[in-house]
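Chemist: based on what follows, work out the 3D shape:
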Amino acid sequence: MRISTATMFETGTSQLGTLQSNMAKTQMQLSTNRRILAPSDDPVASARALEVTQSQSVNTQFATNRQNARSSLSQVELALASTTTLLQDIKTLTVSAGNGTLLPADRQALVIELTGRMNDLMGVANSGDGVGGYLFSGYRSSTMPFTQTATGAQYHGDQGQTKLQVGSSRHIAISDSGSAIFENNPTGNGTFQTAAAATNTGTGIVSSGSISNANALTGHDYTVAFQLTGTPPVRTYTVTDNTTGMAVPPPPAAPAMPYESGRQIAFDGMVFDISGAPANGDTFTVKPSEKQSIFTTLTNLIDTLKLPAGGAGQAALTNGLNTAHDNLDAALENVLAVRAGVGSALKELDYLDGAGEDRNIQYSATLSDLQDLDLVKTISLFTQQQMTLEASQKSFKTLSGLSLFNYIG
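Modeler: Now for the predicted structure:
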């Protein structure tokens with residue numbers, strides 16, 4: 001078979017180019033430590049590597065979100081810790097205010113101190129989030145949540161909770177509304193609240209009471225009214241259901257019941273007692289618990305300490321302090337519940353961080369299996385390609401040097 005000189009050169013040049021290209025590709029693989037330099041090298045592995053890379057990027061973003069969530073929750077926890085300390089200080093001052101030996105000047109000093117604590121608490125409730133907003137305004141983060149009023153404080157935020165996605169299927173709230181923390185406090189014992197009328201002139205003191213039969217609760221408003229009749233005067237009381245307008249117990253039972261200081265008064269699943277000597281016409285109310293702002297509780301407490309001592313004034317002071325104790329306990333319990341939720345969220349973030357790190361290691365291992373190079377095998381291949389190219393170059397040089405002119409004498 002005859003082969004033209006042009007064909008021989010074209011074939012040789014093409015073969016040398018192919019060998020050199022293969023060796024260059026192998027050299028690039030060695031320099032990058034990557035088996036796949038282009039999707040065409042392994043389409044299936046390339047597609048899988050792209051999916052894993054995207055999943056790894058999302059996992060990295062979740063880690064960033066968790067870091068941001070931890071920062072925000074730490075600020076919330078710091079504010080709640082300050083709130084807890086302030087409420088505990090206020091409770092201590094309230095206990096001190098019940099000392100019967102205090103002089104008016106002493107109570108005035110307590111008023112000044114409690115006013116300072118309320119201002120401190122207002123400052124905590126209006127804490128900033130570090131980025132120009134407020135922690136406890138809900139979605140209205142640019143609005144200052146609380147402003148002081150004559151009866152306590154007014155809330156200007158909303159009920160929203162900012163959330164961050166910290167996992168593939170997990171969103172965590174990184175803030176709480178000021179309403180949920182500072183205003184969501186049940187009055188009384190959490191089910192019903194007792195109170196003495198402001199117009200009482202006797203020395204009757206009412207307890208916060210408890211539930212004796214939850215199934216018998218009606219959720220109605222009641223009034224306990226006292227009467228003094230006869231000579232010598234006998235103190236009795238009547239209970240009226242203001243919701244139905246009926247006496248408790250209803251007729252034909254005797255509506256007026258004898259009063260004994262400290263003796264339990266029980267009806268419709270509720271039990272409480274009244275001690276002291278209520279005057280004729282004194283009344284006490286029993287109604288379902290309501291939600292009350294801690295600032296309203298503090299304002300009422302300060303107003304109570306301004307009441308005159310002695311007689312009916314001392315009874316009003318004691319009733320007011322008892323009410324403040326109950327409401328402060330409820331406020332502190334609510335704050336501690338919110339803190340528990342924040343602590344639980346921080347613990348979950350730690351768990352998610354560990355799971356995210358494990359997942360990132362798994363993604364890296366998968367990418368290594370798909371993309372990384374077998375160095376020993378590739379170095380052997382590169383050496384073989386290098387030898388093959390050198391041999392081909394020498395063969396082509398020798399072959400291209402053959403000519404009939406070398407044999408013409």
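Chemist: tell me the secondary structure for the spatially most central residue of the chain?
Modeler: Computing the C-alpha centroid of the chain and ranking residues by C-alpha atoms, centre = their mean puts V342 first, at 4.4 Å. Three-state call for V342 (DSSP: H, G, I helix; E, B strand; the rest coil): helix.
Chemist: list the contacts of the residue lying closest to it once chain neighbours are set aside.
Modeler: Leaving aside its sequence neighbours, V342 sits nearest to E77 (C-beta to C-beta, 6 or more residues apart in numbering; 5.0 Å). For the C-beta atoms, the positions are set from N, CA and C on the backbone; glycine is no exception. By C-beta atoms under 8 Å, 6 or more residues apart in numbering, E77 lies in contact with 339, 342-343, 346.
Chemist: looking at these, which is nearest G123?
Modeler: R339 (18.4 Å; C-beta to C-beta).
Chemist: give me the element the closest one is part of.
Modeler: helix 312-371 (DSSP states H and E).
Chemist: quick check: mean pLDDT of that helix?
Modeler: Helix 312-371 shows a mean pLDDT of 89.
Chemist: what's the answer for stretch 262-277, then?
Modeler: Per-residue pLDDT values across stretch 262-277 average out to 94.
Chemist: picking that back up, which SS class is the residue nearest to V342?
Modeler: Following three-state DSSP, E77 is assigned to helix.
Chemist: please pick the buried ones from the contacts of E77.
Modeler: By neighbour count, with 16 or more other C-beta atoms under 10 Å, these hold 339, 342, 346 as buried.
Chemist: turn these into CSV, including distance to A81.
Modeler: As requested, the buried ones among the contacts of E77 are arranged in CSV below (distance: C-beta to C-beta, whole Å):
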residue, distance to A81
R339, 7
V342, 10
L346, 13
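Chemist: which one among those residues gets closest to L121?
Modeler: For those, the residue nearest L121 by C-beta to C-beta is R339; the value is 15.3 Å.
Chemist: in space, what's closest to that closest one - neighbours in sequence excluded?
Modeler: Closest residue to R339 apart from its sequence neighbours, by C-beta to C-beta, 6+ apart: L80 at 4.7 Å.
Chemist: try T296
Modeler: Spatially, and ignoring its direct neighbours in sequence, T296 is nearest to G152 (3.5 Å; C-beta to C-beta, 6+ apart).
Chemist: got a pLDDT number for the one you found?
Modeler: pLDDT for G152: 92.
Chemist: for it, give its distance to Y134.
Modeler: From G152 over to Y134 the distance is 19 Å, taken as C-beta to C-beta, to the nearest Å.
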